[in-house]
Every structure is written in structure tokens, then in C-alpha cells.
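In: How does the following fold in three dimensions:
(chains A and B)
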There are 2 protein chains.
Amino acid sequence: MTISAAEDIRALLKQSADEVNLALDARLADLDPCPPTLAEAMRYSLHAGGKRLRPILVLWCCEACGGDRDQAMPSALAIECVHTFSLIHDDLPALDNDDFRRGRPANHRKFGEALAILAGDALLALAFEILSEDVSDQALSVAMMRELSTASGGSGMIGGEVLDLAGQSSEPNVDEVARIHAAKTARLIQGACRLGGIAARAETSRFNALSEYGHALGLAFQVVDDLLDVTGNMEDTGKQTGKDADAGKQTYPRAVGVEESRRIADDMFERAIAALAPLGSAASRLTTLARYVVERNS
Amino acid sequence: MTISAAEDIRALLKQSADEVNLALDARLADLDPCPPTLAEAMRYSLHAGGKRLRPILVLWCCEACGGDRDQAMPSALAIECVHTFSLIHDDLPALDNDDFRRGRPANHRKFGEALAILAGDALLALAFEILSEDVSDQALSVAMMRELSTASGGSGMIGGEVLDLAGQSSEPNVDEVARIHAAKTARLIQGACRLGGIAARAETSRFNALSEYGHALGLAFQVVDDLLDVTGNMEDTGKQTGKDADAGKQTYPRAVGVEESRRIADDMFERAIAALAPLGSAASRLTTLARYVVERNS
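Out: Purely as a prediction, here's the structure:
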């Protein structure tokens, strides 16, 4: 990516992230009936400086199919709640035992384990509350709920976390890595793209294009994440590096080495942009985003 | 309650619980895409011998408004998933640190903390998957999702758990106990009754009657739970007793003594059955159920 292209996509991402943050702030004002400590713990992680990749994918995929950003915003907020819930629980001592997240103390280090568990739980419930209250069309609301619950549940992201933990007791194996990454990371990123398609009422060929794009992009994203744990530093990534190897995790660099992992990420990137063909020029921003994801250093 | 009335209600409860269990088994056959260890941990707690009070309330409240049991079953299963999720997380070392549940090792004692956290998460997601996939009417699906997400979320059950934990550092106080019980226990039991009303498309006066009944019944249920922790034994209750006082929990017996607590439970029972007036004789089974809840010893 040229320097100016990288600057352009960064500016576009910042603009969309700002919009997501504004909408999130407005929605979180409704958290008032929650106990204040719980609302504080939920907001702490929601506002921890995340890149908002998943909500931005919802918005951009919706727009790539001719939909309106407003139609997509509730599911964009809902998927960010699910993503934040997963980070809080993943960081717990019983799971990945991470003390830092995005350069700040992890939720359980700041609020204690009990409140972190409950804040994660409440964010997962909030995601479905948002879909039930803020989506004006009932058919879309149900379709979004179905997509988000399956993408995040036992056969999706949460199931992937189980595989990830179980994989720590066996030798790195490329097939097992692929299976873990597909469920743990790619399914929710694919879910973001599919939610955008649902919001736009995309026709089947376009919806399937987004779905395939999201799957490949999600895999590419996680390979790069694995690589950053080996080659990145805490200043850029905001979290401790080298932890995957310490924990005995199933990762591409551990299974096939850094160079081959890089090649796999590039291959996934190519698959992601090839999938966008049915969308034509409407998908140019999604192509640039995929390149940015593969070339990122944080 | 006379001995024969108690036998009658037990037989009715068993019959409905059996139906719920059958429907739950059928639905859980679809857990196949989950990692097997995760599905096992989810099933372990779902099939731990619970009384199925909440799903039975969904079914009976639906029928008391002239609705059909089949319309109510998906939300009955969904609320049992939410209830089971809450038990798994409540028992965790960071929360109530209970080693036993219904006479068997708690989920985290059987499967370890990590899997217990994730099994709880997956059950919460599954509840919304069921509502999105199994309810044939979209308007009802959205209304049920809204009811269940608010009843279980930060302003409902999960918020109540936060208040419960925070209350352990202050002296027992009757107002605080009432606030904790309303959120932690009564909101989901009320949610069960409201889900039944939604399933039956109950008119407003009947829906409000069910809602008020559920609130009072939920409060009565928790006062009796508090009392059983003082006066019950592990053989009947299936869990360690005397734990509330050890943990410094806010309970009615600790705030106002056993006798006054008994009086409050009876008062809540009276409120519950008075609320049912608009339903007439269609609510007789709900009246008997309330009496059973208040007089139970396990």
C-alpha cells in the first residue's frame, strides 16, 4: 500500500470509528438502570480505544450493497458489545490471564474478577437488547439476532475459544490452527459483514460475496495477529507480545514459521478481495480495508 | 396446602417438567457444531435436575391467557438456558464460590473454571439463537428477545448479581435486600410470566396481571430461598446451607429475622395471587403453584 493510500484508509477508518463512538455513547446513556459500578466496568472496556473494525465492517458492507448507514448502526453497536464481552472474558485469569489490553489494565485487573465476568455477561445481553429495541424492521431484527447469536455462540466465537484453550496441550498443527482461527476470530468478522448485508437487504449473490470476504478477511486478520505476537512490540500492539508461545497456543508462526505465515496471510487477502467481485466498484473501500488489515502493525 | 393438593401440584409440575426436558433434549441435539467438551459442559448443567420453574411458568402463563403450549415452548427453553448460565457463573470461585449445585459438583468443579465460564457464555448466546430460530412469528420473536435481554441483563438479573456481591460488604438492611432480590431473582421469574403472556398475545390487563404475579412470586421465591439457607439441610436443598451468613450476604433472615421473613414471604404470596384476579379461574394452577413455591422445602 502506498503511503497516501494508507493515509486515506486511516482517515476513512477514523471517520467511521468516530461515528460508531458517538452512536455508542448515545446508546450507553440508557445504561442508567444498571448498578453504577457495572455500567462503569462495561464502559471501561467499550471505550478502551478499540479500532472498531467489526462495526465499521457492518457499516461499509451495508453501504457496499446500497444500504444506508443508519439501518446498519444498531447491529454495528451490538457486534462491538459482543466483541468487547469476548475480550473481557478472554483476559480472565482462568482463560488467557492477560493483565493488559490496549495498553491499559485488563478489565479484571481494574475491577476484579467477579465484576469483569458480570460486565462481560451484561455486554452480551446488551447486544441482543440493542437488536430487539433499535432495529425498526422486525424481519431484519430477527435475522440479525440469528446471525449474531450463531456467530458468537458455541459453534462460533465461544466454541473457538474452547478449541483455542484445548489446543494448548498439543503440538502446533496447521489444520488445527485453521479450525481454531475460523471459529474464534473469523466467524465474528464474517458475522459483521453478513450483518451489513442483512441491513442492506442484499440479494443472495452480494450477500454471499460479503460472507466469503468476511471469512477470508477474518482468517487473514488472525494470522497477522499471530505474527504480531512474534514480531510486534507492546508499544504498537498495546498488549504483551510473545505470550502465544509462552502459553503453548496453536498459531500459524508456531505451526509453519513466520515466512509461511506471511504467505498464508497474503493468500487469504487475495481470497478476500477476489470474493468481492460481484460487488464491483462499490467494494473498493472493502478492498483497501483488507489490505490495511494485512499490513497493519498493531 | 393439603396433602392431596400438594400431590396434585407435584404431579402437574412433573408432567410439565418432563415436557420441557423432552423439548430441551430435542433442541440440544442441534449443538453438534459446538466442540464436544463445550456441549458436554452445557448439557451437564442443563440436565442437573433443576425444577424447571421458569419454563413451566412460561407455559402455564401462556395457557392461562388461552395460548397454546407449543407457542410458548421456545421461550421456555430460552429462559432455562439463561437461568442455567446464571447458576454456572454464580457458582464460580470469583463469585459465590459454591462447590455443589443440586447435590452434584458445580460446573467449574467438574470441567474447570475456563470451560465453566465459556459454557455459561454459550448458554446465554443459545437462548437468543433459540428465540431467533424457533419462534414462527417475527413480531413475537422480537418482543420475546426484548423481554429476555432486559430481564437478564445489567438492569435485571446480572445487575442484581452485582448488587448482591457489593452488598456483602455492608450490614444487612431490609431495603437493600428488597432491591437485590427484585433484580437478582424476581426480574427473571417475572420475565418468565411475561414471556408466557407475549406467547399468548395476551391483552394488556391480563399481561399486566401476569407481570405483577411474576414479580411478587419472584420475591416470595427468594425469601424462601434465604430461609432454606438458614433452616434447610443439604439433603433436601442439594447445596451447602448456612453459606449466606458465612458470605455476609444481604438476606431477609439476616436483616429482619426468620419469623418476620416468613411473614414477608406469606405477604408476597398474597400479593401474587391477588394480582391474578383479572385471569379468573384460568389462573387456578398459577395460584396453586405460588402456594407450592412458598411452602417448598428444597
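In: Does the one helix or strand A:M42 maps to reach chain B?
Out: Following DSSP states H and E, one finds A:M42 within helix A:36-46. Yes. Against chain B, helix A:36-46 shows contacts by CB under 8 Å from any CB of the partner chain at A:37-39, A:42. Heads up, the C-betas are built off the backbone N, CA and C, glycines and all.
In: of those, closest to chain B?
Out: When those are compared for distance to chain B (CB to the nearest CB), A:L38 comes out closest, at 4.6 Å.
In: can you count the residues close to the closest one?
Out: For A:L38, the neighbour count with other CB atoms under 10 Å in any protein chain shown is 25.
In: circling back: can you pick the most crowded of the residues of helix A:36-46 next to chain B?
Out: The residue in the residues of helix A:36-46 next to chain B with the most neighbours, by other CB under 10 Å, is A:M42 (27 neighbours).
In: could I get the residues of helix A:36-46 next to chain B as CSV with distance to A:L95 and pLDDT?
Out: Shown next, in CSV, are those (distance: CB to CB, whole Å; pLDDT from 0 to 100):
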residue, distance to A:L95, pLDDT
A:T37, 22, 96
A:L38, 20, 97
A:A39, 24, 96
A:M42, 19, 97
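In: Could you pull out the strands in chain A for me?
Out: For chain A, the strands defined by DSSP state E cover A:100-101, A:104-105.
In: Buried deepest among the ones you listed, which one?
Out: Stretch with highest mean neighbour count among the strands of chain A: strand A:100-101 (a mean of 19; mean count of other CB atoms under 10 Å in any protein chain shown).
In: for that strand, the distance to its chain's centre please.
Out: 16 Å (CA atoms, centre = their mean, to the nearest Å).
In: What pairs with it, parallel or antiparallel?
Out: Note on strand A:100-101: by DSSP bridges, its sheet partners are strand A:104-105 (antiparallel).
In: what's in contact with the strand it pairs with?
Out: Contacting residues not belonging to strand A:104-105 are listed as A:48-49, A:99, A:110, A:238 [CB atoms under 8 Å, 6 or more residues apart in numbering or on different chains].
In: Can you convert those residues into a markdown table and add a column each for distance to chain B?
Out: Listed next are the contacts of strand A:104-105 as a markdown table, based on distance: CB to the nearest CB, whole Å:
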| residue | distance to chain B |
| --- | --- |
| A:A48 | 18 |
| A:G49 | 22 |
| A:D99 | 16 |
| A:K110 | 14 |
| A:G238 | 24 |
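In: where does chain A dip in pLDDT?
Out: A:237-240 (pLDDT under 70).
In: mind running it again at 80?
Out: Across chain A, the ranges flagged by pLDDT under 80 are A:1-6, A:30, A:32, A:232-241, A:297-298.
In: Dump stretch A:80-95 to CSV, keeping only the CA atoms.
Out: Output of stretch A:80-95 as CSV, limited to C-alpha atoms (Å, rounded to 0.1, in the frame of the first residue of the first chain):
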residue,chain,number,x,y,z
GLU,A,80,-19.0,-4.3,19.2
CYS,A,81,-20.7,-5.3,22.5
VAL,A,82,-20.2,-8.9,21.7
HIS,A,83,-16.5,-8.4,20.7
THR,A,84,-15.9,-6.4,23.9
PHE,A,85,-17.5,-9.1,26.0
SER,A,86,-15.2,-11.7,24.4
LEU,A,87,-12.1,-9.6,25.2
ILE,A,88,-13.1,-9.2,28.9
HIS,A,89,-13.7,-12.9,29.4
ASP,A,90,-10.6,-14.0,27.3
ASP,A,91,-8.3,-11.9,29.5
LEU,A,92,-9.6,-13.5,32.7
PRO,A,93,-7.0,-15.5,34.8
ALA,A,94,-8.8,-18.8,34.1
LEU,A,95,-8.5,-18.2,30.4
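In: right, is it up against chain B?
Out: Yes. Part of stretch A:80-95 sits near chain B under the criterion CB under 8 Å from any CB, namely A:85, A:89, A:92, A:94-95.
In: Cross these against helices and list the overlap.
Out: In helices, judged by DSSP state H, the following of those are found: A:85, A:89.
In: so which of the residues of stretch A:80-95 next to chain B comes closest to A:L165?
Out: Comparing these against A:L165 with CB to CB places A:L95 closest, at 6.8 Å.
In: wait, the closest one sits on A:V162?
Out: No. Counting by CB atoms under 8 Å, A:V162 is not a contact partner of A:L95; they are 10.1 Å apart.
In: if you count what's nearby, which of these two comes out ahead?
Out: More crowded of A:L95 and A:V162, by other CB under 10 Å: A:V162, with 26 against 17.
In: show me what contacts that one?
Out: By CB under 8 Å, 6+ apart, the contact set of A:V162 is A:154, B:34-35, B:37-38, B:115, B:118.
In: let's go with 7 Å and repeat that
Out: By CB atoms under 7 Å, 6 or more residues apart in numbering or on different chains, the contact list for A:V162 reads B:35, B:37-38, B:115, B:118.
In: Of those, which is the nearest to A:S16?
Out: Using CB to CB, B:L118 comes nearest to A:S16 of those, at 31.0 Å.
In: number of nearby residues for that closest one?
Out: By the criterion of other CB under 10 Å, B:L118 has 28 neighbours.
In: Select the longest helix from chain A.
Out: Every helix in chain A considered (DSSP H), the longest is helix A:204-231.
In: helices and strands around it, which ones?
Out: When contacts are defined as 3 or more CB pairs under 7 Å, 6 or more residues apart in numbering or on different chains; DSSP states H and E, helix A:204-231 packs onto helix A:187-199, helix A:243-247, helix A:252-256, helix A:258-275, helix A:284-295.
In: follow-up on the earlier one: let me have the contacts of A:V162 in TSV, extended by distance to B:A192.
Out: Shown next, in TSV, are those (distance: CB to CB, whole Å):
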residue	distance to B:A192
B:P35	30
B:T37	30
B:L38	26
B:L115	28
B:L118	25
